[in-house]
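**Q** Based on what follows, work out the 3D shape:
(chains A and B)
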There are 2 protein chains.
Amino acid sequence: LEPDQSGGSRPVIGVFDSGFGGLTVLKALLRRMPAARFVFLGDTARLPYGSKSRRTIARYAAESAQFLVNQQGAQFLVIACNTASALALDAIQEAVQVPVLGVIEPGAAAAAQNSATRDVLVIATEATVASHAYVAACRARGLRGVEKACPLLVPLVEEGWIEHPVTAEVVRIYLSEVLDVARAAGQSPDTLVLGCTHYPLLRAVFQRAVPEGMRIIDSAEAAAEAAARLVADQVSGQAAKPFDGLRAGSGAPGPEIRCFATDSVEKFERLGSRFLELPVGMVELVDLGG
Amino acid sequence: LEPDQSGGSRPVIGVFDSGFGGLTVLKALLRRMPAARFVFLGDTARLPYGSKSRRTIARYAAESAQFLVNQQGAQFLVIACNTASALALDAIQEAVQVPVLGVIEPGAAAAAQNSATRDVLVIATEATVASHAYVAACRARGLRGVEKACPLLVPLVEEGWIEHPVTAEVVRIYLSEVLDVARAAGQSPDTLVLGCTHYPLLRAVFQRAVPEGMRIIDSAEAAAEAAARLVADQVSGQAAKPFDGLRAGSGAPGPEIRCFATDSVEKFERLGSRFLELPVGMVELVDLGG
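**A** Numbers count the residues shown, from 1 in each chain, chains lettered A, B, ... in the order given. Predicted coordinates:
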């Protein structure tokens, strides 16, 4: 870990997504570790992962992880992409030598903490749903889960139709379909997991559409919470003043963010700020040979 | 050209798309050349091209074209992907030694034949619109064109929401936006070009949404017409009985179609038949190294 001016250590945290949706995870990480250094990679030349096969996703994700660790010095990796977390976490852990955290397990853990009925709904991309990773992670915690792929939501967010009647209607249709399936199976879900990094931007739309009393779990927030604990634990094991470098304050450096993309830097810069709710700055183009 | 049983020649026509949307072009080609041999490649591992940069699209498209020509023996190439036609036709023509036809020029030519007011609307993907290839091709024919990217239409088609109120509403919104722009510029468009291979599946929805008297041009049909002419010309120059191999009939072989995809064979097979309106058969997986 790199010493900072305050004598604490300043971890370099790599955040990886297939696109820029993972900036919602970076945003949540920044709030918890405002003085860390972040290196973000969006594999925009090969997105979306959500409609591709496990084999292809694993190769893309491993190459991306190696770039962050071997070329950018990341000491922790947060896989902000639900699809890559669901299908390629093993492949990534094999490809690099640093701790790797996905979004699925933290999302399921947060659902387990919240649910009283032990029945949850999970909405995600096609590939995430096809992997059944969320339902498996829920089952391991004694929850029953019903999943649904919602392939129209990412394009609606990217079109900027956030507060839009069409989006409200699509959300209503998807929710009613997944609720019907759960109820037909005799379940009483009280928790909805947003299993895609784009979906937090529609949180308010979902909030208005869910049945009374249903709680929404944002797996980006849950993953950031878990990552902050992991980093704090690791730093505590290695440095005298572990937390100084992670908290903002007098004398502590501000957050440092470098963003890389494999393509479409213009789109990344334009849409990225919407996700990060901060200017993403200069996005650097990198060629992973894909 | 390969001799067929009837003594005519049987051209091998390569059809390339980033996904399976180009099967609408293959369908239109089949109707015109029912006894030709077709080799279709969908670069599904790297789709969608529509949101990627010119440089990336050119590399992907050149590799795909080389596969069809060098490994599958295609003697003609039809670039069924509007985005690749708009951004990478030059790169493809440099990469292979056979005649290459895109969808943009035939689409613009059909619009020019149809339009009385000389004002046309073009709807397409983001990358196709950003290239301004359709408007340039229209201008070269004395037409004024207004373009609009419609990024929600492909996901709506792939979700299967063809005859669906949400799709009708999205089409209405997009059309009214592009009509407003055209009218504000003092234009009176009488022709709408469907500049994406997915859009023909929404033709009936558009037909109900366009103003009275507006004609819809399907660039898949226009490209198939141009390709049939090109193939007939080339075959005429080389064989004694050129047309025998292109027409179905007694003694003539039926169409032969081989489909390749770089990923998601399952999705290709499931959705492909919807586009081709025939079973796509076994889709073979090919690795282009991307």
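**Q** Run through the helices of the stretch 101-250 of chain A in chain order.
**A** A:104-114, A:126-131, A:133-139, A:153-158, A:165-184, A:203-209, A:219-238 (DSSP state H, counting those that start in this stretch).
**Q** Tabulate those helices (TSV), appending distance to chain B.
**A** Bear in mind the C-beta positions are built from the backbone N, C-alpha and C, glycine included. Shown next, in TSV, are the helices of the stretch 101-250 of chain A (distance: least, Cβ to the nearest Cβ, whole Å):
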stretch	distance to chain B
helix A:104-114	21
helix A:126-131	8
helix A:133-139	18
helix A:153-158	5
helix A:165-184	6
helix A:203-209	14
helix A:219-238	22
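**Q** Export those to a markdown table and append columns for mean neighbour count and mean pLDDT.
**A** Conversion of the helices of the stretch 101-250 of chain A to a markdown table gives the following (neighbours: other Cβ atoms under 10 Å in any protein chain shown; pLDDT from 0 to 100):
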| stretch | mean neighbour count | mean pLDDT |
| --- | --- | --- |
| helix A:104-114 | 22 | 97 |
| helix A:126-131 | 23 | 88 |
| helix A:133-139 | 22 | 96 |
| helix A:153-158 | 22 | 93 |
| helix A:165-184 | 16 | 98 |
| helix A:203-209 | 16 | 97 |
| helix A:219-238 | 20 | 87 |
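**Q** Quick one: the ones you listed as CSV, columns for distance to residue B:188 too.
**A** Formatted as CSV, the helices of the stretch 101-250 of chain A follow (distance: least, Cβ to Cβ, whole Å):
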stretch, distance to residue B:188
helix A:104-114, 53
helix A:126-131, 42
helix A:133-139, 52
helix A:153-158, 31
helix A:165-184, 28
helix A:203-209, 38
helix A:219-238, 48
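**Q** out of the ones you listed, nearest to residue B:123?
**A** Among these, the nearest to residue B:123 by Cβ to Cβ is helix A:153-158 (15.1 Å).
**Q** Just list what the closest one packs against, helices and strands only.
**A** helix A:165-184, helix B:153-158 (3 or more Cβ pairs under 8 Å, 6 or more residues apart in numbering or on different chains; DSSP states H and E).
**Q** Run through who's touching the longest one.
**A** If I follow you right, that is helix A:165-184. A:119, A:121, A:123, A:146-148, A:150, A:152-153, A:156, A:161, A:188-189, A:192, A:202, A:205-206, A:208-211, B:165-166, B:169-170, B:173 (Cβ atoms under 8 Å, 6 or more residues apart in numbering or on different chains).
**Q** The shortest one now?
**A** Applying Cβ under 8 Å, 6+ apart, the contact partners of helix B:153-158 are A:151-152, A:154-155, B:21, B:48, B:50, B:123, B:125, B:162, B:164, B:166-167, B:170-171, B:174, B:196, B:198-199, B:201-202, B:271.
**Q** Nearest approach to residue B:261 belongs to which of the helices of the stretch 101-250 of chain A?
**A** Of the helices of the stretch 101-250 of chain A, nearest to residue B:261 by Cβ to Cβ is helix A:126-131, at 15.6 Å.
**Q** now that closest one: how far from the chain's centre is it?
**A** Centroid displacement of helix A:126-131 relative to its chain, using Cα atoms, centre = their mean, to the nearest Å, is 15 Å.
**Q** can you check stretch A:111-121 too?
**A** 20 Å.
**Q** again with stretch A:137-148
**A** 19 Å.
**Q** list the buried ones in that stretch?
**A** Neighbour-count burial for stretch A:137-148 flags A:137-138, A:141, A:143-148 (criterion: 16 or more other Cβ atoms under 10 Å in any protein chain shown).
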